[in-house]
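Asks: heads up, no residue letters with this:
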């Protein structure tokens, strides 16, 4: 057919028109599941799996578990299958899930705000010893994780946890995860505002509610009124950061859209000030936007950070105010820069009431049930029975009289839980790693502990704050992109051309008001065996080349590639 003025399209070939499916946003009317995860969530709410665990799976055993429950809905109750022993990192991305699955579980205990009583801590320790082969790791989200859990024991574990006010509800899954809170909320002398009432109210109103039990992906929250900015607010989906408003007094600055993994993004300020009693409603508005407008087509784009990046802070705030809150938020100031480099509360610190709290450092978050019960005993003997976990894999004992401080510090030291750690002990963090995690490629916990010992021996005079974060895969559970030295586990070639465990190196990441991601030097990878030599070398170069008062992250951003290799 020839082209004519009446038929101009005849001059060009016809293209097949395909209908765009959208991003699976419920607010746009896209309710049809676009992937397997969305389908199993539509088929049955993840919270409903508890009944099947209690009445069927715990009685009939592991082999009776439906696959969509096993690798999906059971996460809503804090359960992940752990890695089968003996599978090397080279097979992580090759094997099918059922080939990687062991018949045991990781179980995560939810500890909102890191707040524990010694009674609760003792129960956590007893469960570890009775049901988890002694395992109990402190995470960088203030939780405790068990391993070697049998499905037959889960109902009894729940009964014991819930008897002391703890749970595993929505500790994993596409849900509102554990709410991070300042571990010294209501305690610290320099606190701007105590955010713990908001943490408690959000938990009471929304955790375990089907209103927010089907989100596009996980949703992470941080609330702190500490001037130390001590909850990594920059990398949470929503964060409330303590500020002093010039007219309204103390309240919170609202941040949204932070997150790491393979597409890291620093959260953005909405420029809004939120009073304490309005935090739960504003939180519900933000998570409501995520539920309704969040991208559900691709799991890799389903976090809130992608929506925030596409909309920008102005549109996000407008939608929050107009559609969810039905009112305007007050404008407010940004948080002030923290005056201290360490944000983990390790050491001896005076409280508002004149007593003291003591923060101490386990090795890369690794403890065990017996140690936790001993910590509970020490806290009762020296304090009031209150302990806290932190977002840096540390712990704190509260309410210690001045005359009891030194006794507690010595008793902790005897358990290898020092309140006076070296920078390496204090600043090294590690994820679970290949020992238990199905996503991991390399070992992390033992590697991190051994690295601490080597650096303390080799550079005993080093006294600068330094963070060394070790991750077993690219997913950044140990926050590698925002560490001074971030180590992403992967397989590398050694000098003999053999494929061995190693790390891609990120240098100069940071949190705080100068938050940013570490620099990747082209081709800079080290084997696990070479790791102590490499870290020693780069830290000595930092010592030799730094300017007065210069932080490692600043030096790393300007240093030559030769100095960093």
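Replies: Noted; the coordinates are in hand. Note that the coordinates shown come from a computational prediction; the quantities given were computed from them, not determined experimentally.
Asks: CA only for contacts and neighbour counts going forward, please
Replies: Will do.
Asks: Quick one: the strands in the stretch 201-350 of the chain, in order.
Replies: 219-224, 238-245, 249-256, 268-274, 330-331, 347-350 (DSSP state E, counting those that start in this stretch).
Asks: Looking at the ones you listed, which is nearest to residue 487?
Replies: Residue 487 lies closest, by C-alpha to C-alpha, to one member of the strands of the stretch 201-350 of the chain: strand 219-224, at 23.0 Å.
Asks: The closest one pairs with which strands, parallel or anti?
Replies: Neighbouring strands of strand 219-224 in its sheet, by DSSP bridges, are strand 176-181 (parallel), strand 238-245 (parallel).
Asks: pretty sure residue 45 is in contact with residue 213, am I right?
Replies: Yes - the criterion here is C-alpha atoms under 8 Å, and residue 45 meets it with residue 213 at 7.2 Å.
Asks: neighbour count winner among the two?
Replies: A side-by-side neighbour count of residue 45 and residue 213, using other C-alpha atoms under 10 Å, places residue 213 first with 22 against 14.
Asks: so that one makes contact with residue 48?
Replies: No - Residue 213 is beyond contact range of residue 48, at 10.4 Å (criterion: C-alpha under 8 Å).
Asks: got the residue ranges for the helices in the stretch 1-150 of the chain?
Replies: Secondary structure of the stretch 1-150 of the chain (DSSP state H, counting those that start in this stretch): helices at 36-43, 49-52, 58-60, 67-70, 97-100, 118-131.
Asks: Pull the residues that contact the first one.
Replies: The one in question is helix 36-43. The set of residues that contact helix 36-43 without belonging to it, under C-alpha atoms under 8 Å, 6 or more residues apart in numbering, is 33, 68, 72-73, 214, 216, 296.
Asks: Present those as JSON lines; the columns should include neighbour count and pLDDT.
Replies: Conversion of the contacts of helix 36-43 to JSON lines gives the following (neighbours: other C-alpha atoms under 10 Å; pLDDT from 0 to 100):
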{"residue": "33", "neighbour count": "16", "pLDDT": "95"}
{"residue": "68", "neighbour count": "17", "pLDDT": "96"}
{"residue": "72", "neighbour count": "21", "pLDDT": "97"}
{"residue": "73", "neighbour count": "27", "pLDDT": "98"}
{"residue": "214", "neighbour count": "22", "pLDDT": "98"}
{"residue": "216", "neighbour count": "29", "pLDDT": "98"}
{"residue": "296", "neighbour count": "28", "pLDDT": "97"}
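Asks: closest to residue 269 among the residues you listed?
Replies: Nearest to residue 269 out of the contacts of helix 36-43 is residue 216 (C-alpha to C-alpha; 22.2 Å).
Asks: Tell me who's in contact with residue 199.
Replies: Listed by C-alpha under 8 Å, 6+ apart, the contact partners of residue 199 are 112-113, 179, 181, 223.
Asks: and these as a markdown table, adding pLDDT?
Replies: Compiled in a markdown table, those are given as follows (pLDDT from 0 to 100):
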| residue | pLDDT |
| --- | --- |
| 112 | 98 |
| 113 | 98 |
| 179 | 98 |
| 181 | 98 |
| 223 | 98 |
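Asks: does the closest residue to residue 279 other than its chain neighbours belong to a helix or a strand, and which?
Replies: For residue 279, the nearest residue in space outside its immediate sequence neighbours is residue 198; the separation is 6.2 Å by C-alpha to C-alpha, 6 or more residues apart in numbering. Using DSSP states H and E, residue 198 sits within helix 196-206.
Asks: Which parts of the stretch 401-550 of the chain are helices?
Replies: With DSSP H, counting those that start in this stretch, the ranges of helices along the stretch 401-550 of the chain come out as 405-414, 423-427, 445-458, 531-545.
Asks: who are the neighbours of the third one, in terms of helices and strands?
Replies: Same thing as helix 445-458. Using 3 or more C-alpha pairs under 8 Å, 6 or more residues apart in numbering; DSSP states H and E as the contact criterion, the secondary-structure elements in contact with helix 445-458 are helix 423-427, strand 428-430, helix 531-545.
Asks: now residue 78: how far from residue 112?
Replies: Taken as C-alpha to C-alpha, to the nearest Å, the spacing of residue 78 relative to residue 112 amounts to 14 Å.
Asks: more crowded one of these two?
Replies: Neighbours of residue 78 and residue 112, each counted by other C-alpha under 10 Å, are more numerous for residue 112; the result is 25 against 22.
Asks: Residue 107 touches residue 143, doesn't it?
Replies: No - using C-alpha under 8 Å, residue 107 is not in contact with residue 143, being 10.3 Å away.
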